[in-house]
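Q: model the structure of this input:
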Amino acid sequence: MTEAKAFDRVADDYDRMRGGMERGRQSAARLAGDLTPGPVLEVGVGTGIVAAGLAELGHEVHGVDVSRPMLARAAQRLAGRVCAGDARALPFADGSFANLVFTHVLHLVGDMPLALREAARVLRPGGRLLAVHGDPGADPDELVAVLDRLAVLQPRRPDTPEGLDAAARDAGLERLRHEFAPDYERATTPRQLLESLERRLPPYLWDIDDEVWARVVEPALAALRELPDPDRPRVQRWRVHRSVYVRA
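A: Down below sits the predicted model:
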């Protein structure tokens, strides 16, 4: 992607389709052990589910996002601690935070190396950057099989472990560790996934033309419609890449 993407169009549905606070709390619990004492900034805070989960664990958390509709929802969870801003030009002074968190956002920022340099700038010496990034994975099931069919529509991601490591080094950040590990569980019904795809909620479907929709997406939707028990939740356990860096 060549520019940052705002999630204005999906703000009303985001929590319902992405697991809401339950998912946010699960992700926050996984991240919290790597935080160092001091204030936390989540870049790409979205509706604030992860940030609020960290706040519930006792952390002082602030958030920034390019999408004002998403921020309006985050403000209900983090009153007075969210603001509009771009990951490539953060509206904070040098050394403002002890921790900075990116959660599934680095592939959307438009210029990941610049976003990493900005992150390093607003971190204190010894501060930590925590990133949840790259392609997530789940054990095969009926719904994952449908999503796998649509994977060809997703653009090449810059936030692979190798790509992130290179950008972090150039920004003056040293990696402390990396893992591909469980992050959250989500119970999704075929009907819920069908609704999400039909309404083009995933970003990779926003700009699909009619020919590609008919050739790639419609067969996947048809497979969903044919699944038995469309209102029976399928529990998926998703694994993610998590990397921790420190600013020198």
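
Q: show me the shaky parts of the protein.
A: 1-6, 9-19 (pLDDT under 70).

Q: okay, which residue is most central for it?
A: The residue lying closest to the centre of the chain (C-alpha atoms, centre = their mean) is H104, at 2.2 Å.

Q: look up the closest residue to it, ignoring the ones flanking it.
A: Leaving out its chain neighbours, the residue that sits closest to H104 by C-beta to C-beta, 6 or more residues apart in numbering is V132, at 5.6 Å. Where C-beta positions appear, they are placed from N, C-alpha and C, glycine not excepted.

Q: that's a strand at that neighbour, yeah?
A: Yes: looking at V132 with DSSP: H, G, I helix; E, B strand; the rest coil, it is inside a strand.

Q: please name the bridge partners of it.
A: V132 forms beta bridges with T103, R242, as assigned by DSSP bridges.

Q: name the helix or strand for D148, please.
A: If you go by DSSP states H and E, D148 is part of helix 142-150.

Q: and the next helix or strand past that helix?
A: Helix 142-150 is succeeded, C-terminally, by helix 161-170 (DSSP H and E).

Q: could you pull out the strands for this structure?
A: 40-43, 61-65, 82-84, 97-103, 123-138, 173-188, 234-247 (DSSP state E).

Q: mind listing residues that contact the first one?
A: Contacting residues not belonging to strand 40-43 are listed as 50-51, 54, 59-65, 87, 90, 92, 96-103, 105, 115, 119, 122 [C-beta atoms under 8 Å, 6 or more residues apart in numbering].

Q: list the neighbouring strands of it plus their orientation.
A: strand 61-65 (parallel), strand 97-103 (parallel).

Q: please apply the same query to the third one.
A: Strand pairing for strand 82-84, using DSSP bridges, gives strand 61-65 (parallel).

Q: burial of the nearest residue to L224 once chain neighbours are set aside, as a residue count?
A: Spatial nearest neighbour of L224, excluding adjacent residues (C-beta to C-beta, 6+ apart): L194 at 4.6 Å. L194 sits with 20 neighbouring residues when counted by other C-beta atoms under 10 Å.

Q: so who does L194 touch?
A: Shown in contact with L194 (C-beta under 8 Å, 6+ apart): 221, 224-225, 230.

Q: about what we covered before: closest one to D209 among the strands of the chain?
A: Closest to D209 of the strands of the chain, according to C-beta to C-beta: strand 123-138, at 23.9 Å.

Q: list the buried residues in the closest one.
A: Going by neighbour count (16 or more other C-beta atoms under 10 Å), the buried part of strand 123-138 is 123-124, 127-134, 138.

Q: ok, now stretch 188-195?
A: Across stretch 188-195, burial judged by 16+ other C-beta under 10 Å covers 188-190, 192-194.

Q: the residues you listed into JSON lines, with extra columns for distance to R247?
A: Shown next, in JSON lines, are the buried residues of stretch 188-195 (distance: C-beta to C-beta, whole Å):
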{"residue": "T188", "distance to R247": "38"}
{"residue": "T189", "distance to R247": "43"}
{"residue": "P190", "distance to R247": "45"}
{"residue": "Q192", "distance to R247": "40"}
{"residue": "L193", "distance to R247": "40"}
{"residue": "L194", "distance to R247": "44"}
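
Q: please flag which of these sit within helices.
A: Judged by DSSP state H, these include 190, 192-194 as members of helices.

Q: same list (those residues) but as TSV, adding distance to W238.
A: What follows is those, written out as TSV (distance: C-beta to C-beta, whole Å):
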residue	distance to W238
P190	17
Q192	15
L193	14
L194	19
